[in-house]
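Colleague: Sequence first, then the predicted structure:
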Amino acid sequence: MIVSHEHRFIFVKTRKTAGTSIEVLLARALEPGAVVTPIETPVDGHAPRNFERPPRTIASARSRFTVAGRRDLARDRWFFNHMPASLIRDRLGPKVWRSYFKFAFERDPWDKTVSWYFYRTRNLAERPSFAEFVTEWRLPSDWPKYTIDDELAVDFVGRFEHLDADLQHALDQIGLTTVGALPQEKSGLRPSAARAAVLHDAATTSRVAEVFHHEIATFGYAPPSPAPDTVSQT
């Protein structure tokens with residue numbers, strides 16, 4: 001996640017939505033005092049900063065005495081990757097949270113699940129079947145990341161499906177109009193030869209619909225066409 005006090009914005013990072021690429025793009029253009037959290041695999045030009053210790057604010061002072069606050073202070077990570085909106089608000093304080101432009105990105109849940117499958121199994125000697133993965137593994141719903149009490153808590157949720165246009169909209173809101181091209185971080189993890197073989201069937205479609213029901217209802221995502229062998233022949 002990123003907080004820029006100069007440009008008065010908060011980027012709430014979600015999974016498999018080009019979040020790392022957006023974070024790298026923003027981090028390179030921001031002031032030294034911005035909060036930029038570390039990412040799992042370091043990237044050239046991405047300099048994490050100001051995430052370890054709380055700022056000197058009343059909100060931070062209060063948060064230090066919570067269980068989560070004590071835990072994260074011990075880990076030197078007052079702000080961290082994929083931090084939920086509720087915790088960002090508590091640690092920045094309600095005044096900053098209300099007055100800064102807040103944005104995140106979301107993605108079609110069925111496509112996001114396929115991307116998550118290849119990402120989470122990338123280092124396994126033998127991947128589980130896609131159906132097994134969807135049934136038994138935890139799926140990447142990010143609804144709690146950009147909502148508080150099941151209500152949208154950010155000012156804008158861009159869509160991965162029209163990433164360039166929605167990212168430009170967010171950049172226009174925060175006054176960053178010359179940041180350059182979006183880098184392609186964490187891409188290429190879905191082998192092209194395997195893409196056609198990974199199709200949702202009725203069971204995986206239903207499972208995704210269950211896990212991502214908030215996102216589907218809010219953003220109007222529709223299930224994909226069923227795999228050929230599940231289509232009625234009559």
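Modeller: Ah, there it is.
Colleague: The nearest residue to residue 156 once chain neighbours are set aside: which element?
Modeller: Nearest in space to residue 156, with sequence neighbours left out and distances taken as CB to CB, 6 or more residues apart in numbering, is residue 103 at 4.3 Å. For the C-beta atoms, the positions are set from N, CA and C on the backbone; glycine is no exception. According to DSSP states H and E, residue 103 maps onto strand 101-106.
Colleague: quick one: strands adjacent to that strand?
Modeller: Applying DSSP bridges, strand 101-106 is found paired with strand 9-11 (parallel), strand 156-159 (parallel).
Colleague: what inclination does the following helix or strand past the first one have with respect to strand 101-106?
Modeller: Past strand 9-11, heading to the C-terminal end, the next element that is a helix or strand (DSSP H and E) is helix 19-29. If you take axes from the mean of the first three to the mean of the last three CA atoms, to 10 degrees, helix 19-29 sits at 150 degrees to strand 101-106.
Colleague: by contact count, what packs against helix 19-29?
Modeller: Counting contacts by 3 or more CB pairs under 8 Å, 6 or more residues apart in numbering; DSSP states H and E, helix 19-29 packs against strand 2-4, strand 9-11.
Colleague: What is the helix or strand following it packed up against?
Modeller: Per DSSP H and E, the first helix or strand lying C-terminal to helix 19-29 is strand 35-36. Where contact means 3+ CB pairs under 8 Å, 6+ apart, strand 35-36 is packed against strand 2-4.
Colleague: now with 6 Å?
Modeller: Here strand 35-36 touches no other helix or strand, going by 3 or more CB pairs under 6 Å, 6 or more residues apart in numbering; DSSP states H and E.
Colleague: which other residues reach that strand?
Modeller: Residues from elsewhere that reach strand 35-36, judged by CB atoms under 6 Å, 6 or more residues apart in numbering: 2, 3, 27, 48, 49, 50, 51, 79.
Colleague: Name only those of those residues that count as buried.
Modeller: The neighbour count (16 or more other CB atoms under 10 Å) marks 2, 3, 27, 48, 50, 51, 79 as buried among the contacts of strand 35-36.
Colleague: Need the worst-confidence member of these.
Modeller: Least confident entry in these, by pLDDT: residue 27, with 91.
Colleague: Pull up the gap between the residue nearest to that one when sequence neighbours are not counted and residue 29, please.
Modeller: Leaving aside its sequence neighbours, residue 27 sits nearest to residue 36 (CB to CB, 6+ apart; 4.7 Å). According to CB to CB, to the nearest Å, residue 36 and residue 29 sit 11 Å apart.
Colleague: So the two - more neighbours on which side?
Modeller: residue 36 (24 against 14; other CB atoms under 10 Å).
Colleague: Done for today, thanks.
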